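Engineer: the following block contains a protein sequence and its predicted model.
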Amino acid sequence: MLALRLVLPAILTSVVATATSWLALPNAPTYELPHFEGSFANLVLAMLVGPIAGLVSVAFVRIIALADRYRPKHRRRLMAPILVLGLLGLVSIPFPQLLGNGKDIAQLAFADQIPFTLLLALLLLKPAATVLCLGSGVPGGLFTPSLALGALLGGVVGHACSSLRPEMQPALAALIGAGAVLAATQGPISAVVLIMELTGRDRSFVAPLLLAVVIATLVSRMIEPRSIYDARLTDEQIAQRQKLREPPQR
């Protein structure tokens, strides 16, 4: 349940942040998308991507939670980042797309500019790099890596489907996958709003995106009720956070 004491400060903060960003950032979408023609095939594509994204999201959330729980301690905290980042540097020589938070990978997937074999390789390597970095104690966010994972997953499914039905577009599948994984790992409402905000004014993908978001969220929550952020907390921390959300007693 949303409370005004929480919503109003959040809205005010968002207004200030947006107005500040206008001073330095261009008025352009973060991700450039092609225009997608509406068809029944798009909805079928969403129904295929949605459950797969839900299952992959459950695995990703649980692996992230394990990696965070078993971070190295004491002296190993000094060696683990060196070893992991060194390994990442070696692997990035044949796969330079692994470097960064995944924004460039997502943009290439949304434009259908990644070959199928490379999509498959990155689908395995990119989340592995995220998990290893987090598990070694290297700080980093999870929003864009989750989005990139969804884009790669959707791109793989889209390419597989387009080989059978050419009207199914891999670029659209990548966008649907990105939204579905974000919804399943973090939250459906924020995922839809952020995808629409990051991609500009074109809304030709809204219907299949919403369908995939609903399916992926239902599938993931039936198996794993926690989000990617809640899964990293202990039961005691969850209970304490819940108490903070409750309105004060009068």
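Structural biologist: Received the coordinates, thanks.

Engineer: only C-alpha atoms for contact and neighbour calcs from this point on.
Structural biologist: Noted.

Engineer: now Asn42. Nearest residue, chain neighbours left out?
Structural biologist: Take Asn42 and drop its neighbours on the chain: the residue closest to it by Cα to Cα, 6 or more residues apart in numbering is Pro208, 6.0 Å away.

Engineer: what is the least confident helix or strand in this protein?
Structural biologist: Counting by mean pLDDT, DSSP states H and E, the weakest-scoring helix or strand in the chain turns out to be helix 235-245, with a mean of 67.

Engineer: longest helix in the protein, please.
Structural biologist: Using DSSP state H, we find that the single longest helix of the chain is helix 40-69.

Engineer: elements contacting the next helix or strand after that one?
Structural biologist: Where DSSP states H and E defines the elements, the next helix or strand beyond helix 40-69 is helix 76-91. In terms of contacts (3 or more Cα pairs under 8 Å, 6 or more residues apart in numbering; DSSP states H and E), helix 76-91 is packed against helix 116-136.

Engineer: the helix it packs on - what's its average pLDDT?
Structural biologist: Mean pLDDT, computed over helix 116-136, is 91.

Engineer: repeat for stretch 207-217
Structural biologist: 94.

Engineer: cool, and stretch 17-29?
Structural biologist: Here the average pLDDT along stretch 17-29 is 81.

Engineer: next one: stretch 181-193
Structural biologist: Stretch 181-193 carries an average pLDDT of 90.

Engineer: what about that stretch, how long is it end to end?
Structural biologist: Terminal residues of stretch 181-193 are spaced 14 Å apart (Cα to Cα, to the nearest Å).

Engineer: what residues sit buried inside it?
Structural biologist: Residues of stretch 181-193 classed as buried by neighbour count (16 or more other Cα atoms under 10 Å): 181-188, 191-192.

Engineer: just give me how far it sits from the chain centre.
Structural biologist: Computed by Cα atoms, centre = their mean, to the nearest Å, the separation of stretch 181-193 from the middle of its chain amounts to 8 Å.

Engineer: show me what it is in contact with.
Structural biologist: Contact partners of stretch 181-193, identified using Cα atoms under 8 Å, 6 or more residues apart in numbering, comprise 53-54, 56-58, 61, 143, 146-147, 149-150, 179-180, 209-210, 213-214, 216-218, 220-221, 227-229.

Engineer: please redo it, this time with the cut-off set to 6 Å
Structural biologist: Contact partners of stretch 181-193, identified using Cα atoms under 6 Å, 6 or more residues apart in numbering, comprise 53-54, 57, 147, 150, 179, 213, 216-217, 220, 227-228.

Engineer: give me the subset of those that lies in helices.
Structural biologist: Per DSSP H, those map to helices at 53-54, 57, 147, 150, 179, 213, 216-217, 220.

Engineer: any chance of those in CSV, plus neighbour count and distance to Leu124?
Structural biologist: Listed next are the ones in helices among the contacts of stretch 181-193 as CSV, based on neighbours: other Cα atoms under 10 Å; distance: Cα to Cα, whole Å:
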residue, neighbour count, distance to Leu124
Ala53, 32, 14
Gly54, 31, 17
Ser57, 30, 14
Leu147, 28, 14
Gly150, 30, 12
Gly179, 33, 19
Val213, 33, 22
Ala216, 32, 20
Thr217, 28, 22
Ser220, 27, 20
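
Engineer: brilliant, that's me finished.
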